[in-house]
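Asks: need a 3D model of the sequence below.
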Amino acid sequence: MDGVSAFALSEKNFSFYLLTFLWAGAIKGHENDFSPIASNLTEVISVARRSARTLTEVELEFMLIVWDLGEVTTEDMLKGLSKTGRDLSDGSVRKILSILLRKGYLSRRKEGRGFVYWATVPEGQAKRSMLVDLLKRAFDGSAALLVASLLDTREVRKGDIEEIRRLIAEHEREGIE
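Replies: Numbering: from 1, shown residues only. All right, here's what the predicted structure looks like:
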């Protein structure tokens, strides 16, 4: 398990490590008894589940389309993705929709031969959650470091800085009252 818990596992990595642990147990003479590796396996599952709540780049693209349209079918998603230049197969779209269902971002109902999907997590809530995750993982919880890094990129326009100042002042006024 050395090094495995040092990074969040993707679903592919999780499958690889699960098979590795099972194989290691068999080699050590534990063909029918996986208890020696159970604690490691529990840790791998725990790490994989923690990381699974955040949205990948493609999952975010899907959610942006859902939030924009309200409800979507697989066909709606294919059309929306093609407008952004991302061409995926019908099977890939269904797979990503099922991942979003499992993560709790979508719900669905049967309609005809297919399903209709809608967001169960509001856009603002999902974006705040992503920002908090980034803040914790990349900036050790420091909002000041996050803002300093953003300003260092030179991607912030003068109008953005003025709006940020206004929002900070508004936030301070609301906190005092």
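Asks: counting neighbours, what do you get for the closest residue in space to Ala119 that isn't next to it in sequence?
Replies: With C-beta to C-beta, 6 or more residues apart in numbering as the criterion, Ala119 has its nearest non-adjacent residue at 5.0 Å, and that residue is Val66. From N, CA and C alone the C-beta is placed, and that goes for glycine too. Neighbour count for Val66, taken as other C-beta atoms under 10 Å: 24.
Asks: any idea of the mean pLDDT in the helix or strand in which Val93 is found?
Replies: For Val93, the element it lies in under DSSP states H and E is helix 90-103. For helix 90-103, the mean per-residue pLDDT is 96.
Asks: which elements pack onto it?
Replies: helix 57-69, helix 74-83, strand 106-111, strand 114-119 (3 or more C-beta pairs under 8 Å, 6 or more residues apart in numbering; DSSP states H and E).
Asks: need the ones you listed in CSV with distance to Glu170, can you?
Replies: Output for the helices and strands packed on helix 90-103, formatted as CSV (distance: least, C-beta to C-beta, whole Å):
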stretch, distance to Glu170
helix 57-69, 25
helix 74-83, 35
strand 106-111, 34
strand 114-119, 28
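Asks: surely Met63 touches Leu55?
Replies: Yes. Contact criterion C-beta atoms under 8 Å: Met63 and Leu55 qualify, at 6.4 Å.
Asks: show me the common contact partners of these two, please.
Replies: Tyr105, Ala126 (C-beta atoms under 8 Å, 6 or more residues apart in numbering).
Asks: helix, strand or coil for the residue lying closest to Ser142 once chain neighbours are set aside?
Replies: Closest residue to Ser142 apart from its sequence neighbours, by C-beta to C-beta, 6+ apart: Leu135 at 7.6 Å. Counting by DSSP: H, G, I helix; E, B strand; the rest coil, the backbone at Leu135 sits in helix.
Asks: isn't Leu135 right up against Gly141?
Replies: Yes. With contact taken as C-beta under 8 Å, Leu135 and Gly141 are classed as touching, separated by 6.1 Å.
Asks: so between these two, which is more surrounded?
Replies: Leu135 (15 against 11).
Asks: low pLDDT regions in the protein?
Replies: By pLDDT under 70, the weakly predicted segments of the chain are 1-52, 176-177.
Asks: switch the cut-off to 50
Replies: Within the chain, the stretches with pLDDT under 50 are 1-51.
Asks: domain assignment for it?
Replies: Listed domain ranges for the chain are 4-52, 57-119, 123-176 (source: automatic domain parsing).
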